[in-house]
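A.B. asks: quick check, what structure comes out for this input:
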Amino acid sequence: MAVIAVLAVAGVVAGTLSGAKASGRATGSARRASSVAAPARPLQVVSVTEGGATTRTDGADPVRVTLSAPLAATSPMPVIRPAVPGTWQRSGDTLSFTPTTPFQPGTPVRVRFAAGQLGLRSAAGGLLASPVVDHLRTKDWSRLRLKQLLAQLGYLPLKWKAQDATAAQPDNMATELAAEYAPPAGSFSWKKGYPKILSTLWGGRDSLIMDGAIRAFQSNEGLTMTGVMTYGLWQHLLKAAADGNANPNGYSYAVASEGSPETLTVWHDGHVVMRTLANTGIPAAPTALGTSPVYLRYRFQIMRGTNPDGSQYADPVSWVSYFSAGEAVHYFPRGSYGWPQSLGCVELPYNQAEQVWPYLTYGTLVTVTG
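C.D. replies: Numbering: from 1, shown residues only. Now for the predicted structure:
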């Protein structure tokens, strides 16, 4: 019995020791498992905005990126297209890109985030699971700023004055672009010397004065004259403003009056430079009343067309400025001037036509009144 008891006790002791050893192994494994770091959570792009928006953004505002976690110090930055000069800054889980030169108005902006080992990495080691591309779009061009620039460059019969006279005028592309998004406050005033009828052509989105001014600028820049602003034209305009390239032709305006006697009066930079007798269209081929910009010019041409009786004509004419369909201001030999004789054109004596022609440049408005 004693032997059995001893064995029993020994068994208990052995069992206890064996259990203790097993327990010790389990505890050590738990320690080793807990010492292995849990996988880092994947990095995510939460939002991309510019000035708090994604469309009609102010291209001069910083692009703000919010991530699900702060980036590692060695992580690459997102890539922005179109590329503009600027700087990235970090603050917690937020990145900010401040452009040195603003994005062009009316421009789609793409922000791309690379994924994987070569992509963005959080401070905890998390990676983007797949590439991300976000899109922004800047505001369109400012119609108000367009008027300000055309007035500033001498393409309008109006002056524009900034409300803050002490503020420095934009003088480079970056400041000109910033002013596109936030036009400076100011006021327009009419230049002295022009007839009152010209003021009736101002105002509204489709102002004839603006149409003529845009065409004049397009002509001076070697662009196709359409009277419509385009992306390419805006780039030319901003560069002209940044470089201070004013209208080399000044501002001209002409009025053909069908009163008795008929006359043509031309203003240039607020002064009357010519008032002369003129001929307009006969009742069978009247000159259209209204206002149109000069769109085609010749020193000399053979003008061809059809007479009211159906016969054809081919007349040599000089100093020609077309302003409305087939109607033009030009020289045509007549025995006298001051009454309806043409087939719709505004005819002038030779010397007067030669003197007027340099002022009737592309985009110049010509008004025909009854």
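A.B. asks: tell me where the stretch 51-200 of the chain has strands.
C.D. replies: Listed from the start of the chain, the stretch 51-200 of the chain has strands (DSSP state E, counting those that start in this stretch) covering 63-67, 79-81, 86-91, 94-99, 108-113, 132-137, 158-162, 186-190.
A.B. asks: tell me which other helices or strands the shortest one touches.
C.D. replies: Put plainly, it is strand 79-81. Applying 3 or more CB pairs under 8 Å, 6 or more residues apart in numbering; DSSP states H and E, one finds that strand 79-81 contacts strand 108-113. Placement of C-beta: from N, CA and C, glycine included.
A.B. asks: and among the strands of the stretch 51-200 of the chain, the most buried is which?
C.D. replies: Highest mean neighbour count among those (mean count of other CB atoms under 10 Å): strand 63-67, with a mean of 21.
A.B. asks: got the angle for that strand vs strand 86-91?
C.D. replies: Compare the direction of strand 63-67 with that of strand 86-91 by axes from the mean of the first three to the mean of the last three CA atoms, to 10 degrees and you get 30 degrees.
A.B. asks: give the partner strands of strand 63-67 in its sheet and their orientations.
C.D. replies: Paired neighbours of strand 63-67 in the sheet (DSSP bridges): strand 45-50 (antiparallel), strand 94-99 (antiparallel).
A.B. asks: save the ones you listed as TSV, and put in distance to Thr57 too.
C.D. replies: Listed next are the strands paired with strand 63-67 as TSV, based on distance: least, CB to CB, whole Å:
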stretch	distance to Thr57
strand 45-50	4
strand 94-99	11
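A.B. asks: pull the helix or strand with minimum mean pLDDT from the protein.
C.D. replies: In the chain, no helix or strand scores lower on mean pLDDT, DSSP states H and E than helix 2-34, which sits at a mean of 42.
A.B. asks: run through who's touching the strand or helix carrying Val368.
C.D. replies: Using DSSP states H and E, Val368 sits within strand 365-369. Contacts of strand 365-369 from elsewhere in the structure, counted by CB atoms under 8 Å, 6 or more residues apart in numbering, are 197-198, 201, 208-209, 212, 253-259, 280, 287-294, 321, 323-324, 329, 346, 360.
A.B. asks: which ones are touching the closest residue to Phe113 other than its chain neighbours?
C.D. replies: The spatial neighbour of Phe113 that comes closest, neighbours along the chain excluded (CB to CB, 6 or more residues apart in numbering), is Val132 at 4.2 Å. When contacts are counted by CB under 8 Å, 6+ apart, Val132 touches Val45, Arg112, Phe113, Ala115.
A.B. asks: again, but for Glu258
C.D. replies: Glu258 neighbours (CB under 8 Å, 6+ apart): Thr280, Thr287, Leu289, Pro340, Val368, Thr369, Gly370.
A.B. asks: at 6 Å what do you get?
C.D. replies: Contact analysis of Glu258 by CB atoms under 6 Å, 6 or more residues apart in numbering lists Thr280, Gly370.
A.B. asks: quick check: it vs Pro316, distance?
C.D. replies: In this structure, Glu258 and Pro316 are 26 Å apart, going by CB to CB, to the nearest Å.
A.B. asks: please apply the same query to Lys191.
C.D. replies: Separation of Lys191 from Pro316 (CB to CB) stands at 38 Å.
A.B. asks: more crowded one of those two?
C.D. replies: Here Lys191 and Pro316 are compared on neighbour count by other CB atoms under 10 Å; more neighbours surround Lys191, at 16 against 11.
A.B. asks: which elements pack onto the longest strand seen in the chain?
C.D. replies: Ranked by residue count, the top strand of the chain under DSSP state E comes out as strand 312-324. Packing partners of strand 312-324 (3 or more CB pairs under 6 Å, 6 or more residues apart in numbering; DSSP states H and E): strand 296-306, strand 327-331.
A.B. asks: and the ones you listed, which is most packed in?
C.D. replies: Highest mean neighbour count among the helices and strands packed on strand 312-324 (mean count of other CB under 10 Å): strand 327-331, a mean of 25.
A.B. asks: what angle sits between that strand and strand 296-306?
C.D. replies: Here strand 327-331 runs at 100 degrees with respect to strand 296-306, directions being taken by the same axes, to 10 degrees.
A.B. asks: mean confidence for stretch 63-71?
C.D. replies: When the per-residue pLDDT values of stretch 63-71 are averaged, the result is 97.
A.B. asks: against Thr94, how distant is the residue nearest to Phe113?
C.D. replies: When Val132 is compared with Thr94 (using CB to CB), they lie 16 Å apart.
A.B. asks: swap in Val329?
C.D. replies: From Val329 over to Thr94 the distance is 63 Å, taken as CB to CB.
A.B. asks: with Leu233 instead?
C.D. replies: 37 Å.
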